[in-house]
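when you get a sec, could you give me coordinates for this:
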Amino acid sequence: MTTDTEPPRPSQSGAARAMLRGAAVPALGVSVICVAVATWLRGTPGLWGSLLGATLVFAFFATSLVVLGRVRAAEPGVALLVALGLYTIKVVALAVAFVVIGAAGWLGDPLHRGSLGLTIIVCTLTWTTTQVVAAVRHRQPLYDLPAGS
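Numbers count the residues shown, from 1 in each chain. Predicted coordinates for the structure are as follows:
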């Protein structure tokens, strides 16, 4: 006996959660290592610079997954518009954060510039790589085939 019900589809938020977990956990481990090395090499300024760098990376990437995980069920055009708008807002927010950090004179004394920059680079590469791996492993279909196919 056949039924006309569709097979269960993977949860839209489940994909976002899987990618967030797959990227955040390794990036957290790498950021702990970066903070430890920066503290050991540069002391308190290295600690604060590295902590700020890791926080910026986590805020930048995690907001994308959380927001886009919620709008994935919307029309593709709306989801694309939200993604582009979110990216623009985040880039502007990062630029403002760097201008504020520089204008406040925090680079050097409370924040070590090299620790901040290297932590951002290493955590970004880790997050991006592991997010791609998590997305490939999750195998979320991009579109649904018609019922008769």
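
which element, helix or strand, includes the residue most central in space within the chain?
Nearest to the mean C-alpha position of the chain, counting by Cα atoms, centre = their mean, stands residue 61 at 1.9 Å. Per DSSP states H and E, residue 61 falls inside helix 44-71.

tell me the buried residues in that helix?
Under the neighbour-count criterion of 16 or more other Cβ atoms under 10 Å, helix 44-71 has 45-54, 56-58, 60-61, 64-65, 67-69, 71 buried. Where C-beta positions appear, they are placed from N, C-alpha and C, glycine not excepted.

ok, the residue nearest to the centre of the chain touching residue 127?
Yes: between residue 61 and residue 127 there is a contact under Cβ atoms under 8 Å: 5.1 Å.

of all the helix elements in the protein, which one is longest?
Longest helix in the chain by number of residues, with DSSP state H as the criterion: helix 12-42.

and that helix, which residues are buried?
12, 15-16, 18-20, 22-24, 26-27, 30-31, 34-35, 37-39, 42.

equivalent analysis for stretch 91-109, please.
Within stretch 91-109, the residues scored as buried using 16+ other Cβ under 10 Å are 101, 106-107.

which residues sit against it?
45, 52, 56, 60, 111, 113, 116 (Cβ atoms under 8 Å, 6 or more residues apart in numbering).

what sits against the fifth one?
The one in question is residue 111. So residue 111 contacts 45, 48-49, 52, 101 (Cβ under 8 Å, 6+ apart).
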